[in-house]
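Undergrad: The following block contains a protein sequence and its predicted model.
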Amino acid sequence: MAGVIFDATGGYALALPIAAAMALLAPGLLWFVAPRRPNPPPGFVG
């Protein structure tokens, strides 16, 4: 994607904030879609 931005704009100045925004957004999205399972009880072998 950075290459496409470079080709379109002639520099990476726009790619850096986009990459930073994606780096900040990714953990939140992963937390949102992660399955919610309770922790197994202590001593559980399964």
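TA: That came in fine, so what should we check first?
Undergrad: measure the residue nearest the centre of the chain to Asn39 for me?
TA: With distances taken as C-alpha atoms, centre = their mean, Ala26 lies nearest the centre of the chain, 2.1 Å away. Distance of Ala26 to Asn39, computed by C-beta to C-beta, to the nearest Å: 24 Å. The C-beta positions use only the backbone N, C-alpha and C, and glycine is treated the same way.
Undergrad: cool, Thr9 as well?
TA: Applying C-beta to C-beta to Thr9 and Asn39 gives a distance of 48 Å.
Undergrad: more neighbours, those two?
TA: In this view Thr9 and Asn39 are compared by other C-beta atoms under 10 Å, and Thr9 has more residues nearby, 11 against 6.
Undergrad: Next up, phi/psi of the more buried one, please.
TA: phi -110, psi -20 (degrees, to the nearest 10).
Undergrad: what does the one 10 residues further on give?
TA: Main-chain dihedrals, Ala19, degrees, to the nearest 10: phi -60, psi -40.
Undergrad: Tell me the spacing between the residue lying closest to it once chain neighbours are set aside and Ala15.
TA: Distance criterion C-beta to C-beta, 6 or more residues apart in numbering; nearest residue to Ala19, sequence neighbours excluded, is Ala2 at 7.2 Å. Separation of Ala2 from Ala15 (C-beta to C-beta) stands at 4 Å.
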